[in-house]
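Asks: A predicted structure for the sequence below; I have some questions about it.
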Amino acid sequence: MKIAKGFTLVEIMLVVALIALLAGLAVPQVLRSRLLAHEAAAIAGMKAIHKGCQMYYSANDNTYPLTGLTDLASASPAYIDSVLGSGTKQGYQFTFTFVDADHYFVNADPVTPGVSGNRYFYIDQEGAIHSSTTGQATAADPLVQ
């Protein structure tokens, strides 16, 4: 009598089903972690922009940059990195708005809401970061903790 070696079809199907179940449980957590990482990078970007603006203000006769991010990135030495200076970094779009020589604000909005981030951010010359989950953030929105 000959004994066959190997796995039965039922055993292979059970292993595949178990792997699919584990992957189904892990994927949402990975996506959530990625979204939170993008939001953390956006907050770090806002802080870098604010710091760059304050240094630019001190070095340029007490006026903030007229064109914002491009001025900060193209200065020598640069106040922010060139990727952030392009306006898009890690799933967020950064928009600098010059108000006058003493005032500016920056918005950071997710490129794809719900995928690259759930929160919208705002910062001005005061340095406090505000966030909103319903649309572009303003100074009236709650502070980021």
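Replies: Nice, I can see it.

Asks: Look up how far A75 lies from D81.
Replies: As judged by CB to CB, to the nearest Å, D81 and A75 stand 12 Å apart. For every residue, glycine as well, the C-beta is placed using N, CA and C.

Asks: So between these two, which is more surrounded?
Replies: A75 (17 against 14; other CB atoms under 10 Å).

Asks: What's the mean pLDDT across stretch 50-62?
Replies: Averaged over stretch 50-62, pLDDT sits at 93.

Asks: next one: stretch 101-109
Replies: For stretch 101-109, the per-residue pLDDT averages 95.

Asks: try stretch 14-26
Replies: On average, stretch 14-26 scores 91.

Asks: do stretch 129-145 as well
Replies: Mean predicted confidence for stretch 129-145 is 95.

Asks: do stretch 79-98 as well
Replies: 95.

Asks: what residues does it touch?
Replies: Applying CB atoms under 8 Å, 6 or more residues apart in numbering, the external contacts of stretch 79-98 come out as 37-38, 41-42, 45-46, 48-49, 51-53, 55-56, 64-70, 72-74, 78, 104-112, 115-117, 121.

Asks: what about that stretch, start to end distance?
Replies: One end of stretch 79-98 to the other measures 17 Å (CA to CA, to the nearest Å).

Asks: what does stretch 107-119 give?
Replies: 11 Å.
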